[in-house]
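Okay, predicted coordinates and the sequence, questions at the end:
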Amino acid sequence: MSRVGKNPIPIPDAVKVSLDNNILSVKGPKGELTTAIHPKVDVAVEENQVVVTRNSNVKFERAIHGTTR
């Protein structure tokens with residue numbers, strides 16, 4: 001995995017991130033975005049950052065992880 005894919009994504013103070021049933025919603029002062037997360041990729045919102053991990057090292061999951069990050 002690339003070094004960039006391992007890094008958590010920082011969340012600015014004015015932005016709210018929510019995760020509900022593999023739907024990631026981001027709402028901030030400039031608008032709102034919603035995206036579906038593939039079930040093979042785990043996303044967690046922890047301490048003002050979003051952490052994206054994959055379940056295993058299978059080629060398909062590595063590819064999906066890179067597009068999710």
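Cool, the structure landed. Since this is a predicted model, take the numbers as computed values, not measurements.

In terms of secondary structure, what does whichever strand or helix holds T67 contact?
In this structure, T67 sits in helix 59-68 according to DSSP states H and E. Packing partners of helix 59-68 (3 or more CB pairs under 8 Å, 6 or more residues apart in numbering; DSSP states H and E): strand 41-46, strand 49-54. C-betas here are computed from N, CA, C, even on glycine.

Show me which residues of it are buried.
Across helix 59-68, burial judged by 16 or more other CB atoms under 10 Å covers 64-65, 68.

Nearest to R3, out of the residues you listed: which one, please.
H65 (13.2 Å; CB to CB).

Please report how far the closest residue to that closest one other than its chain neighbours lies from G31.
In this structure, H65 finds its nearest non-sequential neighbour in R54, 4.3 Å apart by CB to CB, 6 or more residues apart in numbering. For R54, the distance to G31 (CB to CB, to the nearest Å) stands at 29 Å.

Over to N55: give its phi and psi.
Phi and psi for N55, reported as degrees, to the nearest 10, are phi -80, psi -40.

distance of it from N48?
Going from N55 to N48 by CB to CB gives 25 Å.

How about the contacts made by P12?
Applying CB atoms under 8 Å, 6 or more residues apart in numbering, one finds that P12 lies in contact with G28.

In three-state terms, label it for me.
Using DSSP: H, G, I helix; E, B strand; the rest coil, the structure places P12 in coil.

Quick check: it vs K40, distance?
Plainly put, P12 is 28 Å away from K40 if you go by CB to CB.

try T53
Going from T53 to K40 by CB to CB gives 11 Å.

One more: G5?
Computed with CB to CB, the distance linking G5 and K40 is 14 Å.

Repeat that for V50.
17 Å.

same check, this time on I23
From I23 across to K40, the span is 16 Å (CB to CB).

Those two: who's more crowded?
The neighbour count for I23 versus K40, taken as other CB atoms under 10 Å, is higher for K40 (16 against 11).

which of R54 and G31 has more neighbours?
Taking R54 and G31 together and counting by other CB under 10 Å, R54 has the greater number of neighbours (21 against 7).

Now for the more buried one: which residues touch it?
Shown in contact with R54 (CB under 8 Å, 6+ apart): 40-42, 61-62, 64-65.
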